[in-house]
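1. Could you look at this predicted model? Sequence included:
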Amino acid sequence: MGTKKKLAPSQKELISAMLEPNFYPTRPAEVTHKETHISHLFFAGDRVYKIKKAVRFNFLDYSPLAKRSHFVNEELVLNRRLAPSVYLDVLPITRDASGWHFGGAEDPVEYALLMRRLPEKAHVAFPHPVGANHASCLELDTKAPVGQLKRISAEFV
């Protein structure tokens, strides 16, 4: 008889938990959720929590937790250079008998990038919905987003 291996909780369960205000230490009045083809973003009060989807495409593989951890940490390091007041930390997410938590004594089952929430006017519009043909993303007119980014960044200087 071998030892029973503990099954990893699904991201679907975690997403359900992260939609609840009581999941967060600050207990925001509401939580909104946005999804990209590779991430889930949770807007909770003045903070945004981003987790990488456990997905595998021909251009990236976030299916193992170790890779999601690696790339969320890389995202923090890379983006903190340009926006240190926005990119704050990487938080381990654990689950025990009482539920889901940031931190905790259990081994992490996911990692979240913690960011300061920017005003709505600072958000860059992206015209491709989740599930769109990823090849079409390569055909984007880059002039519009670049101009928008220049205007936004000028506000923070």
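-> Arrived safely. No experiment lies behind these values; they were computed from the predicted model shown.
2. Tell me the secondary structure of G104, please.
-> Here G104 is coil, with the state taken from DSSP: H, G, I helix; E, B strand; the rest coil.
3. Excluding chain neighbours, what is closest to the most centrally placed residue in the chain?
-> Nearest to the geometric centre of the chain sits K50, at 1.6 Å (CA atoms, centre = their mean). Using CB to CB, 6 or more residues apart in numbering and skipping the chain neighbours, the partner closest in space to K50 is L113 (4.3 Å). In short, each C-beta sits where N, CA and C put it, glycine included.
4. what's the neighbour count on that neighbour?
-> Look at L113: counted by other CB atoms under 10 Å, it has 22 neighbours.
5. all numbers from here: first residue = 440
-> Right, with 440 as the first residue, what we last looked at is L552.
6. who's it bridged to?
-> Beta-bridge partners for L552, by DSSP bridges, are K489, V529.
7. What ranges does this protein have for its strands?
-> Counting by DSSP state E, the chain has strands at residues 470-474, 478-483, 486-491, 495-496, 499-500, 526-535, 538-541, 549-555.
8. average pLDDT for the last one?
-> If you average the pLDDT over strand 549-555, you get 98.
9. returning to that earlier point: I'd like the strands of the chain laid out as TSV, including distance to F462.
-> Below are the strands of the chain laid out as TSV (distance: least, CB to CB, whole Å):
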stretch	distance to F462
strand 470-474	8
strand 478-483	8
strand 486-491	9
strand 495-496	27
strand 499-500	27
strand 526-535	9
strand 538-541	6
strand 549-555	10
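10. what about these, which gets the closest to S455?
-> The stretch from these with the least distance to S455 (CB to CB) is strand 538-541; that distance is 9.3 Å.
11. partners of the closest one in the sheet?
-> Counting by DSSP bridges, strand 538-541 is paired with strand 526-535 (antiparallel).
12. Now do the partner strand and strand 549-555, the angle between them.
-> 150 degrees (axes from the mean of the first three to the mean of the last three CA atoms, to 10 degrees).
13. And strand 526-535, what's buried?
-> The neighbour-count check on strand 526-535 (16 or more other CB atoms under 10 Å) flags Y526, V529, L530, P531, I532, T533, R534 as buried.
14. Distance to L504 and pLDDT added to the residues you listed, as TSV?
-> Below are the buried residues of strand 526-535 laid out as TSV (distance: CB to CB, whole Å; pLDDT from 0 to 100):
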residue	distance to L504	pLDDT
Y526	21	97
V529	13	97
L530	14	97
P531	10	97
I532	10	97
T533	12	95
R534	13	93
